[in-house]
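In: no sequence on hand, only this structure:
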């Protein structure tokens, strides 16, 4: 199951609000917080962050598999099949309106940020000596948070949007070791697929004219 909520940009991303159902709820107003703090190179920085996440996603997934051991290394296709894993719907393409693309990206990376936190917590418990994996997870999370901050800025500055509905995946708390490893495996495999699509869609919108 997944959780959804309307989360103001100024709120902590992991703060769960009352669940809501239905289509995305976008709220615009006259007081968009923080947009005056945008850096002059925010668009270029956002482009680089998306490109970096795309370039490192497969390596992160491969390293994760290696650290989980058997049977994940030898039965990857079956155990890490992401078909049953919730991920935010991503229905934009290169011809979509830039505003629509930015909102979809925010929803995607807010979800990913929460998922990475879940996976990192589990790996700190299950593989505390896997320094390279933990470093990769922390670095990916750091990049994702920076990207969320930049998308927040761009949405506020360009469209005066400061609320977007955000969905979170199922928490692994209370699950056994195998299920925790499998959930992380499924999410990261889906991430490899989605980030490649996201990069193809978003980067043209962020390229210099």
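Out: Arrived safely. All of these numbers come straight from a predicted model, not from anything done at the bench.

In: please work out how many residues are found near the nearest residue to residue 61 once chain neighbours are set aside.
Out: Spatially, and ignoring its direct neighbours in sequence, residue 61 is nearest to residue 188 (4.6 Å; CB to CB, 6 or more residues apart in numbering). From N, CA and C alone the C-beta is placed, and that goes for glycine too. For residue 188, the number of neighbouring residues by other CB atoms under 10 Å comes to 25.

In: can you check residue 53 too?
Out: 21.

In: try the one 4 residues further on
Out: Neighbour count of residue 57, defined by other CB under 10 Å: 20.

In: over to the one 3 residues further on?
Out: Burial measure for residue 60: 20 neighbouring residues, criterion other CB under 10 Å.

In: so which helix or strand takes in the residue nearest to residue 61?
Out: helix 177-206 (DSSP states H and E).

In: residues contacting the closest residue to residue 206 other than its chain neighbours?
Out: Leaving aside its sequence neighbours, residue 206 sits nearest to residue 47 (CB to CB, 6+ apart; 4.0 Å). Each residue near residue 47 by CB atoms under 8 Å, 6 or more residues apart in numbering is listed here: 202, 203, 206, 207.

In: just to revisit the earlier point, wait, isn't the residue nearest to residue 61 in contact with residue 118?
Out: No: judged on CB atoms under 8 Å, residue 188 makes no contact with residue 118 at a distance of 11.2 Å.

In: what are the phi and psi angles of the residue nearest in space to the middle of the chain?
Out: The residue lying closest to the centre of the chain (CA atoms, centre = their mean) is residue 112, at 2.2 Å. Phi and psi for residue 112, reported as degrees, to the nearest 10, are phi -60, psi -40.
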